[in-house]
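Participant: have a look at this prediction, sequence included:
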Amino acid sequence: QVQLVESGGGLVQAGGSLRLSCAASGSIFSLNAMGWYRQAPGKQREVVATITSGGSTNYADSVKGRFTISRDDAKNTVYLQMNSLKPEDTAVYYCNADVVQLSTGRFRTLDAWGQGTLVSVSS
C-alpha cells in the first residue's frame, strides 16, 4: 500500500503565494518521476509540473515562471511553490508519483495519486 497525502491548499488573493506539499508513505523502494496535476470545475485534469528522479523539471506553459516544483527524496516529498497566483489557477491539485516497490525479490512500479487539495484564488 502506498499513500500520497497533499497539504497546503487554501484560499488566497490574486498575486499571492501558496506552497503545496505531498508526502508519500507505505511500501516504497524508491520514487521515479513525481508531479502535480490540477482539475478545475468543468474541465479535464491537466499536468502542472513534473520532476524526474534526477531533478529535471517540466512545466505547463500557463505556470512557467510562476510555479516551481521540487522534491526531497529523504522525505519522499514533492513540493509545488506557487507564486503570482491568478484566479484561473483555481482548481483541485493532485499529486502523482511513479513508485518503485520491491516485493518477493522483484521490482514493480505503481502509479499513485493523492486525494487532492483545493486551491482557490480570488480576484
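Facilitator: In hand now; what should we look at?
Participant: bridged to the residue nearest to the spatial centre of the chain, which residues?
Facilitator: Central residue of the chain (Cα atoms, centre = their mean): residue 36, 2.9 Å from the mean position. Beta bridges link residue 36 to residue 49, residue 95, judged by DSSP bridges.
Participant: tell me how many other residues crowd the closest residue to residue 80 other than its chain neighbours.
Facilitator: Spatial nearest neighbour of residue 80, excluding adjacent residues (Cβ to Cβ, 6 or more residues apart in numbering): residue 20 at 4.2 Å. No exception for glycine: its C-beta is placed from N, CA and C like everyone else's. Per other Cβ atoms under 10 Å, the neighbour tally for residue 20 reads 24.
Participant: how close does residue 20 sit to residue 105?
Facilitator: When distance is defined by Cβ to Cβ, to the nearest Å, residue 20 is 36 Å away from residue 105.
Participant: spit out the contact partners of the residue nearest to residue 80.
Facilitator: 6-9, 36, 79-80, 82, 93, 95, 117, 119 (Cβ atoms under 8 Å, 6 or more residues apart in numbering).
Participant: kindly report the same for residue 108.
Facilitator: So residue 108 contacts 100-101 (Cβ under 8 Å, 6+ apart).
Participant: which residues does residue 25 bridge with?
Facilitator: residue 3.
Participant: circling back to that earlier point, against residue 26, how distant is the residue nearest to residue 80?
Facilitator: Per Cβ to Cβ, residue 20 is found 20 Å from residue 26.
Participant: same question, residue 69
Facilitator: 22 Å.
Participant: for residue 6, same thing?
Facilitator: On the measure of Cβ to Cβ, residue 6 and residue 26 end up 15 Å apart.
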